[in-house]
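Chemist: let me see the structure of the following:
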Amino acid sequence: MCSSQHTRHFVAAWVAIAFLLSLGLCRTARAENEKSSAETTTVIIVVKESDTGAPVSQAAITLHFTQPGTAGRFGKSKHLAYSAKTDAQGRCKLLEINKGPITITVTASGHQSYGKDFLLEKDNQVFEVRLKKPQPLI
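Modeler: Modelled structure (predicted):
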């Protein structure tokens, strides 16, 4: 009788271990699927002067977007912001940005600030920003 009870405990322990392992594998597979479902792309922002079309170098760009949640984060999304400056041609390239809604803000010395929401849906999408000179004081 003792060995029969011992065998039942042994089988129950193995069943529990197998269940926990399969649960862990399912969670890992789900996390991998969620991770791959967040498509990323490159964003190119070109900043020019509104009146002349001349490139604006050293313009400060901030890009805000949301990274979808994963199983490891309990499904919560994460808000991210990247900052960069434009080069001499008024261009800025940001890598691995999640597709979806983004907000671009641009500031540059001697120009009005700019901010706008966009939908990032294409690969290597280019956004052109035209900055205006400040209005004269009366």
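Chemist: surely R91 touches K48?
Modeler: No. Counting by C-beta atoms under 8 Å, K48 is not a contact partner of R91; they are 10.0 Å apart. (Each C-beta comes from the backbone N, C-alpha and C, glycine too.)
Chemist: more neighbours, those two?
Modeler: Set R91 next to K48 and count neighbours by other C-beta atoms under 10 Å: K48 wins out with 18 against 15.
Chemist: what's the following helix or strand after the helix or strand harbouring the more buried one?
Modeler: K48 belongs to strand 40-49 when assigned by DSSP states H and E. Next helix or strand after strand 40-49 toward the C-terminus (DSSP H and E): strand 60-67.
Chemist: would you confirm that C92 contacts Q58?
Modeler: No. Here C92 does not reach Q58: they are 10.4 Å apart, not a contact under C-beta under 8 Å.
Chemist: list residues touching both of the two?
Modeler: With contacts taken as C-beta atoms under 8 Å, 6 or more residues apart in numbering, the residues that reach both C92 and Q58 are 85-86.
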